[in-house]
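Trainee: Provided below for reference: sequence and predicted model.
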Amino acid sequence: MLARGGWDYETEDDRAERRRREDDWLEGLRALEAMLPIGGADWATHGMLRQEIEAAVRLRVNRTELWDVNQMTGWHLVVAHLANTIPVDTPERREQALWRFRELPGVIRARLDDLRHGVSRGYTAAQQAVHRVSEQLGSLLSGGVLESAAARASDAAFASAWREVIEKEVRPALAAYREYLVRDYARVARDTPGLFALPNGLEAYRAEVFRFTSLDLTPEQMLEGADEEMEATDARLRPILARLYAGTTLEEGKQAMRGDPRLTHRSRPEMIEHARSVMEYIRPQLPRFFLHTPDVPLVIEPMTPVEEGIGASGYYQSPEGEAPGRYVLNTAHALLIGRWETTCSAVHEGFPGHHFERAYGDARSTRHPATKELQTQAFREGWAFYGESLASDMDVYDTDVARAGYYMHFLEVWVGLVADVLLHTGRVTRDQAIEILIKRAGRLQHISESRVDRYIAAPGQVTCYMIGYRAVRQLRRDAEQVLGSCFDARSFHDVLLRDGPITLPMQRAKINRWVEDVRHANL
């Protein structure tokens, strides 16, 4: 519920009312399920609504509002983003912006009360998240982001009013929140970062995985096949790294490639330009693999300084209205990041990854507009990794370095899945999870720390990449096996993408029906 000036915050009464509605909606959706044929617009809309509500019901056990200190998705990042982008081009919008930010201090105080209540109930954020959020808040308070709306408006009266709201109301509230984190909360924050350490933590972890993957999986099911996948990838890497770094072990070769100064970017701008060049190379090849190629612009730009601490190499932001899609790249460590890493990231976020998948689904989907913003992350991320494999057929990885880089990227996300499961079920500590990334993925120490802190902040999220990829890959393998020479990859991709990011069980049902239709048509 959007309350208090449009800020995403719920009171206890709000939560109780939302939960009552969710229970009623879920009961109604379950009653409708058997009436909807697979593949129709109503079927897709119904399935996504049911997934969204079932996930919300399962997530109640997490009580996230009581320990919501998060460097990945925290409310303070929304504040920074809105301060920098909120529309102020008309008198009405300027007045709305002022109203919204005048309401913000009250929301911040309410969030402080939630944290204090969480401490009394045994719910606290991990120390690493507290440290990183404190740093982000410090950057927000010391920089000029909060005042940016005043400069964008070209309205002296508004600029004066905006600065007064920021200086007298918003900045003191943010500073008080940060002071509480640093002075009081850090002392009681949990030093055991895994979700298992919270009340009902193991159940909460499974709820998070369901939210991200649309599958109800045990930790053992999540780990199934991971070791075999990593060993197979190591087997592909070993001869390539032996050629690139003669005389090294496999582990030494991975680390040598990660730290090779000959392979890294020369500057932040050069990192952005490299990502753009990869997209320019791939774009004209798309018709070979897809029946349709929607022409939706993609811009590539660097993260803001506040965002650079989120622990991700980049992210994709879908088009809004007439605006293009945005691939936002973390250039903070450009001089330490290999160009091959940026190649994989660009394919993943751009073509034929997230941007293409989103544009294709938007152009072809018949889902109700109200559900077009709903998504199954495991399909989105699984498709993006599948897209990386398609890039191999486009000769994107045309050198030993590029091929090794693709395998290294692939390996790292399997390693991330394993580390996430082990961390949140209490089988390894933070330091041990970091060591797993260093040894198995060849990651440098500071990058490994940032990655693991990301896993701590977003339990279960990293599992959706390879769970989704494995599901998409298996759908193709099964279809190829049944259809043989009748299998057409372009048609397969069209069926897979045209309803948007529906759940993995829904994708399986839809592809099975398509396979049967093709098989019968060719009898």
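Mentor: Happy to help now that I have it. Since this is a predicted model, take the numbers as computed values, not measurements.
Trainee: which SSE is immediately downstream of the longest helix seen in the chain?
Mentor: Here the longest helix in the chain is taken by residue count, with DSSP state H as the criterion, and it is helix 91-121. The C-terminal neighbour of helix 91-121 among helices and strands, as given by DSSP states H and E, is helix 127-142.
Trainee: buried residues in that next one?
Mentor: Within helix 127-142, the residues that qualify as buried are Gln127, Gln128, Ala129, Val130, His131, Arg132, Val133, Ser134, Gln136, Leu137, Ser139, Leu140, counting by 16 or more other C-beta atoms under 10 Å. Backbone N, C-alpha and C define where each C-beta goes, glycine included.
Trainee: Ala204 against Val61, yeah?
Mentor: Yes. Applying C-beta atoms under 8 Å, one finds Ala204 in contact with Val61, separated by 5.2 Å.
Trainee: counting neighbours, go ahead and name the busier of these two.
Mentor: Per other C-beta atoms under 10 Å, whichever of Ala204 and Val61 has more neighbours is Ala204, with 23 against 18.
Trainee: the stretch 251-400 of the chain: helices as residue ranges?
Mentor: Taking DSSP state H, counting those that start in this stretch as the test, the helices found in the stretch 251-400 of the chain are 268-282, 339-349, 354-364, 377-393, 400-424.
Trainee: same list (the ones you listed) but as CSV, adding mean neighbour count.
Mentor: Below are those laid out as CSV (neighbours: other C-beta atoms under 10 Å):
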stretch, mean neighbour count
helix 268-282, 17
helix 339-349, 25
helix 354-364, 22
helix 377-393, 23
helix 400-424, 23
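Trainee: closest one to Leu475 among the ones you listed?
Mentor: Across the helices of the stretch 251-400 of the chain, the minimum distance to Leu475, taken as C-beta to C-beta, is reached by helix 377-393, at 9.5 Å.
Trainee: give me the angle between the closest one and helix 400-424.
Mentor: When axes from the mean of the first three to the mean of the last three C-alpha atoms, to 10 degrees is applied, the directions of helix 377-393 and helix 400-424 differ by 160 degrees.
Trainee: hey, C-alpha coordinates of helix 377-393 in CSV?
Mentor: As requested, the backbone C-alpha atoms of helix 377-393 are provided in CSV (Å, rounded to 0.1, in the frame of the first residue of the first chain):
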residue,chain,number,x,y,z
GLN,A,377,12.4,-13.6,-11.7
ALA,A,378,13.6,-17.1,-12.3
PHE,A,379,12.2,-16.9,-15.9
ARG,A,380,13.7,-13.4,-16.4
GLU,A,381,17.1,-14.4,-15.1
GLY,A,382,17.0,-17.9,-16.6
TRP,A,383,16.2,-16.4,-20.0
ALA,A,384,19.1,-13.9,-19.7
PHE,A,385,21.5,-16.7,-19.0
TYR,A,386,20.0,-18.7,-21.9
GLY,A,387,20.5,-15.5,-23.9
GLU,A,388,24.2,-15.7,-23.0
SER,A,389,24.4,-19.2,-24.5
LEU,A,390,22.7,-17.9,-27.7
ALA,A,391,25.4,-15.3,-27.9
SER,A,392,27.9,-18.1,-28.3
ASP,A,393,26.1,-19.0,-31.6
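Trainee: mind listing residues that contact that helix?
Mentor: Helix 377-393 is contacted by residues 212-215, 282, 289, 344, 347-349, 351-354, 356-357, 397, 406, 409-410, 413, 461, 464-473, 476, 496-497, 501-504, 507 when judged by C-beta atoms under 8 Å, 6 or more residues apart in numbering.
Trainee: any idea how far Thr371 is from Ile207?
Mentor: For residue 207 the amino acid is Ala, not Ile. Shown here: Ala207 relative to Thr371, a distance of 21 Å by C-beta to C-beta, to the nearest Å.
Trainee: between the two, which one's more packed in?
Mentor: With neighbours defined as other C-beta under 10 Å, Ala207 and Thr371 compare such that Ala207 has more, 24 against 19.
Trainee: and the more buried one, what is it in contact with?
Mentor: Under the criterion of C-beta under 8 Å, 6+ apart, the contact list for Ala207 reads Ala55, Arg58, Leu59, Val61, Asn62.
Trainee: from the residues you listed, which two are the most distant?
Mentor: Greatest spatial distance in those: Ala55 and Val61, 11.8 Å, computed using C-beta to C-beta.
Trainee: hang on, the earlier thing: can you add distance to Leu174 and mean pLDDT and give the helices of the stretch 251-400 of the chain back as a markdown table?
Mentor: As requested, these are arranged in a markdown table below (distance: least, C-beta to C-beta, whole Å; pLDDT from 0 to 100):
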| stretch | distance to Leu174 | mean pLDDT |
| --- | --- | --- |
| helix 268-282 | 28 | 97 |
| helix 339-349 | 30 | 96 |
| helix 354-364 | 32 | 92 |
| helix 377-393 | 30 | 97 |
| helix 400-424 | 30 | 97 |
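Trainee: nearest to Tyr180, of those helices?
Mentor: Short answer: helix 400-424, nearest of those by C-beta to C-beta, at 26.3 Å.
Trainee: now for that closest one, which elements pack on it?
Mentor: helix 219-223, helix 226-244, helix 250-259, helix 339-349, helix 377-393, helix 430-441, helix 445-457, helix 463-483 (3 or more C-beta pairs under 8 Å, 6 or more residues apart in numbering; DSSP states H and E).
Trainee: and Val396, how far is that from Glu349?
Mentor: Note on Val396: its distance to Glu349, by C-beta to C-beta, is 14 Å.
Trainee: pLDDT below threshold where in the stretch 1-150 of the chain?
Mentor: Within the stretch 1-150 of the chain, the set of residues satisfying pLDDT under 70 comprises 1-5.
Trainee: repeat the analysis, applying 50 as the threshold.
Mentor: Counting by pLDDT under 50, the low-confidence segments of the stretch 1-150 of the chain come to 1-2.
Trainee: secondary structure element for Arg490, which one?
Mentor: The secondary structure element spanning Arg490 is helix 489-497 (assigned by DSSP H and E).
Trainee: returning to what we had before: okay if I get the helices and strands packed on helix 400-424 as TSV plus distance to Pro87?
Mentor: As requested, the helices and strands packed on helix 400-424 are arranged in TSV below (distance: least, C-beta to C-beta, whole Å):
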stretch	distance to Pro87
helix 219-223	42
helix 226-244	46
helix 250-259	42
helix 339-349	26
helix 377-393	28
helix 430-441	41
helix 445-457	30
helix 463-483	33
